[in-house]
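**Student:** From the sequence below, what's the structure:
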Amino acid sequence: MGDKKKMNHQLQSVFKSALVLTMGFAVAASAQSESFCSVTTHSSSNKVTITSNKTGKIGNIGYELWDENGNGGGNATFYDDGSMDCNITNAKDYLCRAGLSLGSSQTYDQLGGDMIAEFKLIKTPGNNVQYSYIGVYGWMENVPGAPNGLVEYYVIDNTLSQYMPSDWIGDTKLGDITVDGAQYTVYRNTRNGPAITIGNGQFYQYFSVRKSMRDCGTINISEHMRQWEKKGLKMGKLYEAKVLGEAGNTSASVSGSHMDFPYAKVYVSGSQGNSSAGSTTTTGGNDNNASTPVGGGDAGQGGNMDWGNMDFGNMDWGNMGGGDAGQGGNGGFDWGNMDFGNMDFGNMDWGNMGGGDAGQGGNGGFDWGNMDWGNMDWGNMGGGDAGQGGNGGFDWGNMGGGDFNIGGNDIGGQAIVSKVQMNSAKTLRVFSVKGRFLGNVELQPGTSLKDALFAKFGKTGVYMVKAGSRTMPVKVSH
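**Tutor:** Predicted coordinates for the structure are as follows:
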């Protein structure tokens, strides 16, 4: 009786993980469909046009037009909603930017929330563009170890050049990070040139360069800084954080280039009445530390979703209420064929997730279809109560592929993998359902994984088993 109760608890932990994937999909899907990506015109009529080097404010928006030649290099129109229109006519190194002017009084982790940038870009490359950086830009002061305490930082999501910047951009390459579901390569560079506060001098540059360019999206600036710190880069007091359009050439003049941002905002998530913020509204799906309840609703999910490389970080999902969610009106999520890619779930507090009407074909279960889970690090998943309703439980479908022969089993209406054999010898890594590493199991061809797990650990229950890039729950019921 005790073993059965323990197994039920373990099953609840596994299915709670699956349920949060479902809820996370609904939240992530809404974040991916950014409404501002369809914007093509500026909505505000309050604007200022600049034709020479100048720093200023319009409403709560800080802006700057700057060219290394000293004459602006063209012109720029800045709007009081944070959007801007940047034109290059004759420039050496042209920078057009708008967003937060922060005054070098706080570090990023003292702002009370994450700095978020949102942008929509419409571009015309023009002539003689040797290099170009489009994304997020700013300066930091009082940075420990940096020359003159200064750092110029970039998050580059696009360019007017044919190719995104590569290893030439920095003298130190620090590897890749994953932010906002995409991979960036991090660089540090030492430069002598124009800088804030000192005129000309030496300073560091930090770069996050997106592996694939995009013309619309959301950038969590604070998360980039957290990842930079993990790479050993030091942070300082923030002078600014702005959406940027930059292009230049060291030996010729750039001309005919156009970077229009009909939508652009930089703000601190959760801020209310921040006088230097372009917006004081928190956008759903951008604040990875949000702990407010996520309410259920009617939402049918289907089709093919490529999750790419997603880092869920440390998230407190709080209390996520259930609701009616279904495909074809039957109350369930049909996940179809989904590639989850490389997902790092980190350390997550799952809270209490209430049940609702969820099922495929009215049987009260989740139909996961044919799913490629990729490389998933489940981290430490906190316990809690996860109610499972209906008769069908979770139908994991066919999780086959590679060296696995997998069969399903159904206990108490909850289906879970119980029969796994390998087509070749394999070393498997075994974890508890809460993410604790238990040890390795050597599995020979034709041997049952269930038997190997019981022989190794001597206990019944549910184990999370990882072989190469695949992770699956396996039930042992000797």
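**Student:** Surely residue 102 touches residue 238?
**Tutor:** Yes: with contact defined as Cβ atoms under 8 Å, residue 102 reaches residue 238; the gap is 4.4 Å. In this view, the C-beta of every residue, glycine as well, is placed from N, C-alpha and C.
**Student:** Quick check: the nearest residue to residue 213 once chain neighbours are set aside vs residue 136, distance?
**Tutor:** With sequence-adjacent residues excluded and distances taken as Cβ to Cβ, 6 or more residues apart in numbering, residue 213 is closest to residue 158, at 4.5 Å. To residue 136, residue 158 is 11 Å away according to Cβ to Cβ, to the nearest Å.
**Student:** For these two, work out which one has more neighbours and name it.
**Tutor:** For residue 158 versus residue 136, neighbours defined as other Cβ atoms under 10 Å are more numerous around residue 136 (26 against 22).
**Student:** List the contacts of that one.
**Tutor:** Contacts of residue 136 were listed using Cβ atoms under 8 Å, 6 or more residues apart in numbering, and they are 117, 153-155, 157, 219, 221, 224, 241-244, 266.
**Student:** Tell me which helix or strand it sits in.
**Tutor:** For residue 136, the host element (DSSP states H and E) is strand 131-141.
**Student:** Does anything pack onto the next helix or strand after that strand? Which helices or strands?
**Tutor:** Note on strand 131-141: by DSSP H and E, the next helix or strand toward the C-terminus is strand 151-158. Contacts defined by 3 or more Cβ pairs under 8 Å, 6 or more residues apart in numbering; DSSP states H and E place strand 151-158 against strand 115-124, strand 131-141, strand 182-195, strand 199-210, strand 216-220.
**Student:** just to revisit the earlier point, surely the residue nearest to residue 213 meets residue 120?
**Tutor:** No: counting by Cβ under 8 Å, residue 158 stays clear of residue 120, with 10.9 Å between them.
**Student:** what sits in contact with each of those two?
**Tutor:** Common contact partners of residue 158 and residue 120 (Cβ under 8 Å, 6+ apart): residue 215.
**Student:** Out of the helices and strands packed on strand 151-158, which is the most enclosed?
**Tutor:** Most buried of the helices and strands packed on strand 151-158, by mean neighbour count (mean count of other Cβ atoms under 10 Å): strand 131-141, with a mean of 24.
**Student:** That strand versus strand 151-158: what angle between them?
**Tutor:** With axes from the mean of the first three to the mean of the last three Cα atoms, to 10 degrees defining the directions, strand 131-141 sits at 150 degrees from strand 151-158.
**Student:** Make 56 the first number, not 1, from now on.
**Tutor:** Renumbered: residue one is now 56, and that last one reads strand 186-196.
**Student:** mind listing the helices in this protein by residue range?
**Tutor:** Per DSSP state H, the chain carries helices over the ranges 57-87, 276-285, 504-512.
**Student:** follow-up on the earlier one: mind putting the helices and strands packed on strand 206-213 in a markdown table, mean pLDDT and distance to residue 143 included?
**Tutor:** Below are the helices and strands packed on strand 206-213 laid out as a markdown table (pLDDT from 0 to 100; distance: least, Cβ to Cβ, whole Å):
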| stretch | mean pLDDT | distance to residue 143 |
| --- | --- | --- |
| strand 170-179 | 98 | 10 |
| strand 186-196 | 98 | 10 |
| strand 237-250 | 97 | 18 |
| strand 254-265 | 97 | 21 |
| strand 271-275 | 98 | 21 |
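**Student:** how about those strands, which one is nearest residue 202?
**Tutor:** Of all the helices and strands packed on strand 206-213, strand 254-265 sits nearest to residue 202, with 3.9 Å by Cβ to Cβ.
**Student:** Name the residues that touch that closest one?
**Tutor:** 190, 198, 201-203, 205-213, 219-221, 224-225, 232, 234, 237-250, 279, 282-283, 288.
**Student:** Stretch 122-132 too?
**Tutor:** 102-109, 118, 120-121, 139-151, 249, 303, 309.
**Student:** Now, those that are in strands?
**Tutor:** Those of these mapping onto strands are 102-105, 109, 118, 120-121, 139-143, 148-151, 249, 303, per DSSP state E.
**Student:** Just the buried residues of these.
**Tutor:** By neighbour count, with 16 or more other Cβ atoms under 10 Å, the ones in strands among the contacts of stretch 122-132 hold 103, 105, 118, 120-121, 139-143, 148-151, 303 as buried.
**Student:** Can you say which two of these are spatially most distant?
**Tutor:** The widest separation within these (Cβ to Cβ) is 23.8 Å, between 103 and 303.
**Student:** Now do the contacts for the closest residue to residue 136 other than its chain neighbours.
**Tutor:** Spatially, and ignoring its direct neighbours in sequence, residue 136 is nearest to residue 99 (4.3 Å; Cβ to Cβ, 6+ apart). Shown in contact with residue 99 (Cβ under 8 Å, 6+ apart): 134, 135, 136, 138.
**Student:** The last one reaches residue 321, doesn't it?
**Tutor:** If I follow you right, that is residue 138. No: between residue 138 and residue 321 there is no contact under Cβ under 8 Å: 11.4 Å.
**Student:** In terms of packing, which of the two has more residues around it?
**Tutor:** Taking neighbours as other Cβ under 10 Å, residue 138 and residue 321 compare with residue 321 leading, 30 against 27.
**Student:** wait, what's in contact with that one?
**Tutor:** Neighbouring residues of residue 321 by Cβ under 8 Å, 6+ apart: 137, 153-155, 170-173, 191, 276, 296-298, 332-334.
**Student:** what about the nearest residue to it once chain neighbours are set aside, distance to residue 109?
**Tutor:** Leaving out its chain neighbours, the residue that sits closest to residue 321 by Cβ to Cβ, 6+ apart is residue 154, at 3.3 Å. Distance, residue 154 to residue 109, by Cβ to Cβ: 16 Å.
**Student:** Where does pLDDT dip in this structure?
**Tutor:** Within the chain, the segments meeting pLDDT under 70 span 56-88, 326-479, 488-491, 522-526, 533.
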